[in-house]
Every structure is written in structure tokens, then in C-alpha cells.
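A.B. asks: Take this sequence and fold it.
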Amino acid sequence: MKLLVTEAWRSLGANLSTTFAATMTVLIGMFLLGLFIALGTWTVSWSNHVKSELQIRVQLADSITLQQRNDLARSLQQNPLVKQGSGGFKYVSKEQAYQTMKQRYPDLVNPQTLTSNPFPAEFDVTPNKAENLDKLYNELTHPKPAGVTTVIDGKQVSHRILRVAHVIELVFVLATIVLVVASVLLIANTIRLSIFSRRREIEVMKLVGATNWFVRGPFMLEGLLCGLAGSLLAVFFLVLGKAVALPAILGHVSNNDGVHALSFPLNALLLLGAGLALGAIGSGWTIRRFLQI
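C.D. replies: Numbers count the residues shown, from 1 in each chain. Predicted structure coming up:
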């Protein structure tokens, strides 16, 4: 172990240019990865929040009886496509509908322009999954329950929201994979320079009987140290950006309690783990071809 650490530390000091290049490569890669994880998880959280607010409005006739309304509420409660719990459906009376529209459009909805309440009572129904919106709509319209006049699901808006949400999730996954692969390749190519300058030393070690892991150990430790240093610097710059830039950005984006990014401590731990892994994998993978003696 002492020899392993000594060799790795000697290599880092003897090849300051490649050490600096490898560390900066990890720094850039981990900084971009951390930034992308924060933005990506916030965006995915926002899309999930928007999907959770998709609802079907079941408007009731003024002549609906109490029995018909209770039967409809019971069927909604038992429907497996409706979200379970208190948020599954909500009854909105005519008076509540009037007050809601009055708050939204005070210039149009007031006693001077409306002499009576034209807004129907309704059930606001939330599907268990946004993707089941069409299925639930079909069940509520074929056939239409007694006492129901109109079922509104906003197909055009809901389908657009679902498409955008799916694209966001796909882009997040693909971009993360591309960024991780690119970081591994950059680190491997940078460490390759250090290994190439010592290829004769590696050949001699192999010829006198050194095992592959004995030769590989110092280089993997070198990669670990570069990965750790780059990740720590990336976390430092992310903390700096979080303190300086985030307050200015929050004023221009949604501040909903249901929308949030991955917690910063967890993000930092992921970056440290990723930096260590990328450093070790990059150096271990690069040295393979030099072990073929």
C-alpha cells in the first residue's frame, strides 16, 4: 500500500501538466453534470407537477337530483382510473364556480354584467396517471352518467403537456448518458499521456513478473485523486453559483412548493462518487493496452 501511494503521488508530481489537465477535465465534466442534474431534475419535477394537475371537469345539470349526484360521486370513488384519496375528485358548487370565475375575470364576471349565475356545478376529477386521461374521459362519456351535461378534458392542452413532459424526461436521460461517456473518454485520453510517457517502465515491470493489478494500482489511484480533486472543485463552484446566481434565477421561474430539484447535498455526493468512479475507470481502462506484454 505504501508503494502504491508513493508511486501514485510521484507520478502526479512528475507529470504536473497531465495531472492539471486531468483534474480540469474532471472539474468541467462534473460541474456540467452537477448543473445538468439540478436543472434536469427541476424540469422533470415541474413536468410531473403539471401532469398531476391535469383534470377532467364533469359539469352537472341544474336539474340533477341529490341521488344522482351521490351515485356519480360513488362511481368516481370506485373507479380505478381516478386518483385515490382526497385529491381524486372534488365537488364544486354553482356558487363556488361563480366565485372562482369572478376572481379570475373580475371585469367580466360581476353583478353588473351577469344578472344570474350561468356556471354549472361540477366534479373536478384527477386521473391516477396523466396518461390515463383519455381512458377516464371515454368511461365518463360512453355512456354519460345521469345528470351530467358536459365532460371537458382539454384534450389539446393535455396532450401537448404530456408530449413535452415525455420529451423532457428522454432528453434528461440521454444527455446524462452522453455527458458521463464524454467525461470518461476525456479523462482516459488525458491520463493516456501520463501512461504513454512511462510505457518503458511498465514494460520492465511486466517483464520482471509484476502482476497486472500491481502495475494498474498506481495509475488507478492517480485517477482517483484527480477525480476527487476535480469533483471537489466542481462542488465548490456549484456552491458559489448557488449563492450568487440562484437568487436571481428564482425570481423568473415557478416557485411552486411541489416543484423542486434534487437536494444539493445529494447532488454533491453524486458528483464526488462520479468523479472517483470516472477517474478510476478512465485510468484503468486506458492502461489495459499497455499491459499486453
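
A.B. asks: mind listing the helices for this structure?
C.D. replies: Listed from the start of the chain, the chain has helices (DSSP state H) covering 2-14, 16-52, 66-78, 94-104, 133-141, 155-197, 199-207, 212-244, 246-250, 264-286.

A.B. asks: wait, which of the ones you listed is closest to residue 118?
C.D. replies: helix 94-104 (8.4 Å; CB to CB). Placement of C-beta: from N, CA and C, glycine included.

A.B. asks: who touches the closest one?
C.D. replies: Residues from elsewhere that reach helix 94-104 (CB atoms under 8 Å, 6 or more residues apart in numbering): 62, 92, 109, 110, 117, 119, 120, 121, 122.

A.B. asks: What number of residues are in the vicinity of the nearest residue to the last one once chain neighbours are set aside?
C.D. replies: Beyond its immediate neighbours in the sequence, the residue positioned closest to residue 122 (CB to CB, 6 or more residues apart in numbering) is residue 59, lying 4.6 Å away. Residue 59 is surrounded by 16 other residues when neighbours are defined as other CB atoms under 10 Å.

A.B. asks: thinking again about what came up before, between the contacts of helix 94-104, identify the one with the most neighbours.
C.D. replies: Each of these was scored by neighbour count (other CB under 10 Å); the top score is that of residue 122, with 23 neighbours.

A.B. asks: ok, it to residue 241 distance?
C.D. replies: Separation of residue 122 from residue 241 (CB to CB, to the nearest Å) stands at 46 Å.

A.B. asks: Mind picking the lowest-pLDDT entry from the contacts of helix 94-104?
C.D. replies: The pLDDT minimum for those sits at residue 110, where the score is 74.

A.B. asks: Spit out the contact partners of that one.
C.D. replies: residue 102.

A.B. asks: List phi and psi for it.
C.D. replies: Residue 110 has phi and psi values of phi -160, psi 160 when expressed as degrees, to the nearest 10.

A.B. asks: Who are the contact partners of residue 38?
C.D. replies: Under the criterion of CB under 8 Å, 6+ apart, the contact list for residue 38 reads 238, 261, 262, 264, 267.

A.B. asks: Against residue 276, how distant is it?
C.D. replies: Plainly put, residue 38 is 20 Å away from residue 276 if you go by CB to CB.

A.B. asks: Repeat that for residue 46.
C.D. replies: When distance is defined by CB to CB, residue 46 is 31 Å away from residue 276.

A.B. asks: what's near enough to touch residue 140?
C.D. replies: Contacts for residue 140 were tallied using CB under 8 Å, 6+ apart; they are 56, 58, 125, 148, 151.
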